[in-house]
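1. How does the following fold in three dimensions:
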Amino acid sequence: MSVLEIDRLNKAYGSVRALHDLTFDVRAGEIFGFVGSNGAGKTTAMRIMLGVLAADSGTVRWDGAELDLQTRRRVGYMPEERGLYPKMKVGEQLVYLARLHGMSAEEATRATEAWTDRLGVGSRRGDNVEKLSLGNQQRVQLAAALVHDPDILVLDEPFSGLDPVAVDVMSDVLRERAAAGVPVIFSSHQLDLVERLCDRVGIVRKGQMEALGTIDELRSTDRQRWLLDIDAPAETVTAWASSRAGVLVTGHAPRDGAVVLELTDHARGLEQELLTDALTLGAVREFSPVRPTLADLFRGVVSSDDDPEPPTEGPARRRRLGRRGKEAS
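-> Numbering: from 1, shown residues only. Presented below is the predicted three-dimensional model:
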């Protein structure tokens, strides 16, 4: 069931349109990955969810009602830029933030101790934030989002600057919160983490949702790719594949004679026929489907942008699943 609904958000900064009918939802107990290139509109959308920015139009609803000041107090927010007081002690700061959300002094102290211990910075509660490493500051920033026991987590680049151990700790915390029914939405450029952690992913491009669904759903919309490895010279295999209707050679594997083929609609369902024909060139060592990673899918969506992330070219293709906005003009 959807608990957070983003409905046709629009936002412009002068002549620059940051959000264009951005539409998606987040479900109870779901970890939702919110990804896009620099400037795609992710941070703007998150700030509108929190009431830090006002949308030009569109609504943000929680449990069917528009978010107001009271419901926003139930959100745990972690901004991309560090929002901590550098000269304030870690423990005092977390207690202060928890009290702002309505907790008693005793509850705030207990929650501060629990979360700093859980995130591995319990021994630093008496230190000023500025004395901590960037990674430990990031842990404290997450503790600040969690300390008041929020009903939803909105995290902007939570894994930035973390070492592998800290990444594992934070990943476990997000899974635990989701298992407790708390919806988690986070943005990240670390697409391997997004793929590993998230139940669903939304890919934003130029302020609108271009792809939305589970990783398997996104893969199902991608063009079929197959690895064909034949005991024959690479140029022979490439020439043969290029002569087949509906078959495109999109890459070469390190081994001679191995190519990556893309099957268009014309060639789908003809894999057995292709394999039989390929055997005339030589022994087939492998003929298997290639499962695209989230990074591959991401490149396909943003490949026409000026500054895609990751900065690698890919097939220009848009995928649309689920709820999304209108086409950008």
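
2. Quick one: the helices in the protein, in order.
-> 42-50, 69-72, 90-100, 105-118, 134-146, 164-179, 191-197, 215-220, 234-242, 271-278, 294-302 (DSSP state H).

3. got a list of contacts for the fifth one?
-> Same thing as helix 134-146. 76-79, 82-84, 90, 93-94, 97, 112, 115-116, 119-121, 124, 129, 132, 153, 155, 158, 160-163, 166, 169-170, 173, 177 (CB atoms under 8 Å, 6 or more residues apart in numbering). Where C-beta positions appear, they are placed from N, C-alpha and C, glycine not excepted.

4. now the helices of the chain in JSON lines, with mean pLDDT?
-> Formatted as JSON lines, the helices of the chain follow (pLDDT from 0 to 100):
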{"stretch": "helix 42-50", "mean pLDDT": "93"}
{"stretch": "helix 69-72", "mean pLDDT": "84"}
{"stretch": "helix 90-100", "mean pLDDT": "97"}
{"stretch": "helix 105-118", "mean pLDDT": "98"}
{"stretch": "helix 134-146", "mean pLDDT": "94"}
{"stretch": "helix 164-179", "mean pLDDT": "95"}
{"stretch": "helix 191-197", "mean pLDDT": "96"}
{"stretch": "helix 215-220", "mean pLDDT": "89"}
{"stretch": "helix 234-242", "mean pLDDT": "89"}
{"stretch": "helix 271-278", "mean pLDDT": "88"}
{"stretch": "helix 294-302", "mean pLDDT": "86"}
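
5. Now which of the contacts of helix 134-146 would you call buried?
-> 76-79, 82, 84, 90, 93-94, 97, 112, 115-116, 119, 121, 124, 129, 132, 153, 155, 158, 160, 162, 166, 169-170, 173, 177 (16 or more other CB atoms under 10 Å).

6. Can you verify my assumption that Gly76 contacts Pro158?
-> No: the pair Gly76 and Pro158 fails to qualify as a contact (CB atoms under 8 Å) at a distance of 10.8 Å.

7. Could you name the residue of this structure that is farthest from its center?
-> Here the chain reaches farthest from its C-alpha mean at Thr280, the gap being 44.1 Å by CA atoms, centre = their mean.

8. Would you mind measuring from that one to His252?
-> Distance, Thr280 to His252, using CB to CB, to the nearest Å: 20 Å.

9. quick one, what contacts Leu50?
-> Arg72, Val75, Tyr77, Val154.

10. Once you drop chain neighbours, what's closest to the first one?
-> Translated: Arg72. Distances taken as CB to CB, 6 or more residues apart in numbering place Gly51 nearest to Arg72, at 5.2 Å, with adjacent residues excluded.

11. now do Asp149
-> Closest to Asp149 by CB to CB, 6+ apart is Ala111, at 6.9 Å.

12. got it, and Leu4?
-> Nearest residue to Leu4, sequence neighbours excluded (CB to CB, 6+ apart): Val26, at 4.2 Å.
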